[in-house]
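Chemist: Just need the structure, nothing else, for what follows:
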Amino acid sequence: MASTAVPAKERTIPNGLKFVFGGLAGMGATCFVQPLDLIKTRMQLSGGGKSSFTVASEIIAREGFGSLYTGLSAGLLRQATYTTARLGIYSYLFETYQRSNNNVAPNFGMKMALGVLAGGTAALIGTPAEVALIRMTADGRLPVEQRRNYKNVVDAIVRIVKEEGVLKLWRGATPTVARAMVVNAAQLGTYSQAREMFVAYVPDGIPLHFCASMLSGLVTTIASMPVDIIKTKIQNAAKGQSQMSVVSNLLKTEGVFALWKGFLPYYARLGPHTVLTFIILEQLNAAYLRYT
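Modeler: Okay, the predicted model is just below:
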């Protein structure tokens with residue numbers, strides 16, 4: 001009797017698993033880069049010209065080595081919401097486009113458009129975790145009497161709702177969505193395009209994923225840093241401070257180049273996070289097609 005098994009090359013990953021794999025990939029990467037995220041946030045909120053190495057040394061000396069993982073629970077929740085949604089939605093839209101166009105992959109412009117749509121939608125879902133993450137990673141730089149001292153991401157969200165109202169969970173949602181649109185247009189679009197460009201020169205598998213991810217991370221860092229810094233400032237602002245006053249004060253006191261402040265830790269965080277996320281995602285996809 002002839003086999004009725006579907007050839008591997010014709011099989012696809014169920015839509016639900018695309019979301020699950022996306023979230024797992026992002027959470028796995030976050031476990032490695034959380035210290036860099038914390039350093040990046042501290043540098044963005046600092047008015048001084050300290051290097052990333054100085055900031056890291058001060059954090060360890062003042063708060064202990066373990067403090068580099070402050071906010072990890074919020075970082076994981078952010079990945080479980082935001083990254084799950086953005087990678088799942090992007091994969092779904094990408095494959096839907098291909099099926100609708102005789103299996104022809106979208107061009108670079110369309111890839112960026114799909115990234116914008118996926119990123120903006122996911123950002124709205126992930127903003128509460130983003131707010132909690134910013135506040136938890138920034139807390140240690142405040143005087144002891146002014147610290148919020150959230151125990152974990154659940155405590156942070158519950159206290160924000162109780163003390164400030166549920167809508168504060170979406171504080172800075174506009175720049176968060178704008179950042180996500182820029183990040184995902186650059187990251188997802190560039191990664192897909194770079195992968196196609198490098199496949200003729202780099203062995204398929206982890207080497208190809210690494211090269212495509214590093215290029216994607218560099219482009220994304222340059223494009224998204226200004227929006228990310230504005231978002232960070234707004235989400236950590238004191239109660240009652242308007243978003244416009246936060247932005248105008250930043251530009252007035254620190255200048256326009258402050259919008260790229262902390263470039264090294266930002267790229268050091270985003271580059272490896274992009275690499276690890278896509279490598280883990282590709283391996284999960286390959287494992288599913290291989291063993292099921």
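Chemist: C-alpha from now on. contacts and neighbour counts both.
Modeler: Fine.
Chemist: Relative to Y267, how far out is S224?
Modeler: The spacing between S224 and Y267, counted by CA to CA, to the nearest Å, is 11 Å.
Chemist: Quick one: residues contacting I160.
Modeler: V166, K168, L169 (CA atoms under 8 Å, 6 or more residues apart in numbering).
Chemist: For the last one, which non-adjacent residue is spatially closest?
Modeler: Going back to what we said before, that points to L169. Once flanking residues are discounted, L169 sits nearest to P128: 4.6 Å by CA to CA, 6 or more residues apart in numbering.
Chemist: other SSEs contacting the helix or strand where the one you found lies?
Modeler: Here P128 is covered by helix 108-138, with elements defined by DSSP states H and E. Helices and strands touching helix 108-138, by 3 or more CA pairs under 8 Å, 6 or more residues apart in numbering; DSSP states H and E, are helix 15-45, helix 72-78, helix 84-100, helix 153-164, helix 173-198, helix 206-235.
Chemist: Now do the lowest-mean-pLDDT helix or strand in the chain and helix 173-198, the angle between them.
Modeler: Least confident helix or strand of the chain, by mean pLDDT, DSSP states H and E, is helix 243-254 with a mean of 82. Angle of helix 243-254 versus helix 173-198, following axes from the mean of the first three to the mean of the last three CA atoms, to 10 degrees, is 70 degrees.
Chemist: Name the residues of helix 243-254 that are buried.
Modeler: Buried residues in helix 243-254, counting neighbours by 16 or more other CA atoms under 10 Å, are found at Q243, V246, L250.
Chemist: Go through those residues and name the one nearest A180.
Modeler: Of all these, A180 sits closest to Q243, with 18.0 Å by CA to CA.
Chemist: Can you tell me, leaving aside adjacent residues, what's nearest to the closest one?
Modeler: Nearest one to Q243, counting by CA to CA, 6+ apart, is I234 at 5.9 Å.
Chemist: And that neighbour, how far from P128?
Modeler: In terms of CA to CA, I234 sits 13 Å off from P128.
Chemist: This completes my enquiry, with thanks.
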